[in-house]
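Visitor: Okay, structure incoming, though there's no sequence with it:
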């Protein structure tokens, strides 16, 4: 093969790879996947295509920590996952269980959560008591939760603007920090 033919073949392989990645990213974004199925799909995206968590997060329009948290869910055993899905427990229930290292202890806690129909807060309190952590002051926990939500929202807005800019569209983006809020202005030109 000539150098030109090798270059064409390599370019074709790269574009096929990109098409496959885009297809999988669209699947993850657009399907109503359970959080375990989503985690498995993200894991496949990273492993099969050799992406880092940061690259996968960028392609999915999420922050890296969200991707890391999703992937952590795969540390639960298959039986634990089946029980969580069967009893309609949430992703937060699953993440709380991950704080317990032993699968035998997780099984005991999971059975208790299911039997007592514990919500997420009660589950976290149960696990805190089990592993010996003091419970958090509820007001602080609520503020921390709100702060994390706002931070995630700000990161999502910034990432969305960066994604739009990367397409070559001339987007204007202004952020004004005020005492009581953050004000965003995004100007996207409409071509005629």
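Guide: Received the coordinates, thanks. The structure displayed is predicted, hence computed values, not measured ones. Residues are numbered from 1 along each chain as shown.
Visitor: now the most centrally placed residue in the chain: how far from residue 56?
Guide: Against the mean C-alpha coordinate of the chain, by CA atoms, centre = their mean, the closest residue is residue 66 at 3.2 Å. Applying CB to CB, to the nearest Å, the value for residue 66 to residue 56 is 10 Å. (Glycine included, C-beta is placed from N, CA and C.)
Visitor: ok, now residue 111?
Guide: Taking CB to CB, one finds residue 111 at 34 Å from residue 56.
Visitor: try residue 164
Guide: In terms of CB to CB, residue 164 sits 19 Å off from residue 56.
Visitor: the more surrounded of those two?
Guide: Neighbour count, other CB atoms under 10 Å: between residue 164 and residue 56, residue 56 has more, with 23 against 15.
Visitor: Spell out the secondary structure type for residue 186.
Guide: strand (DSSP: H, G, I helix; E, B strand; the rest coil).
Visitor: how does the chain divide up, domain by domain?
Guide: Using automatic domain parsing, the domain parsing of the chain gives 1-75, 77-135.
Visitor: Switch these over to CSV; also include mean pLDDT.
Guide: Formatted as CSV, the domains of the chain follow (pLDDT from 0 to 100):
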stretch, mean pLDDT
domain 1-75, 80
domain 77-135, 92
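Visitor: Between these, which one is closest to residue 175.
Guide: domain 1-75 (17.2 Å; CB to CB).
Visitor: Distance from the closest one to the middle of the chain?
Guide: 13 Å (CA atoms, centre = their mean, to the nearest Å).
Visitor: go on, stretch 171-186?
Guide: The answer for stretch 171-186 is 25 Å, by CA atoms, centre = their mean.
Visitor: The host helix or strand of residue 48 packs against which elements?
Guide: Element membership for residue 48 (DSSP states H and E) is helix 35-49. The elements that helix 35-49 packs onto, with contact taken as 3 or more CB pairs under 8 Å, 6 or more residues apart in numbering; DSSP states H and E, are helix 3-30, helix 53-60, helix 64-72, helix 78-86, helix 91-97.
Visitor: Buried ones in the second one, by neighbour count?
Guide: Meaning helix 53-60. Going by neighbour count (16 or more other CB atoms under 10 Å), the buried part of helix 53-60 is 53, 55-60.
Visitor: Could you export the residues you listed to JSON lines, including columns for distance to residue 179?
Guide: As requested, those are arranged in JSON lines below (distance: CB to CB, whole Å):
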{"residue": "53", "distance to residue 179": "35"}
{"residue": "55", "distance to residue 179": "37"}
{"residue": "56", "distance to residue 179": "37"}
{"residue": "57", "distance to residue 179": "31"}
{"residue": "58", "distance to residue 179": "32"}
{"residue": "59", "distance to residue 179": "36"}
{"residue": "60", "distance to residue 179": "34"}
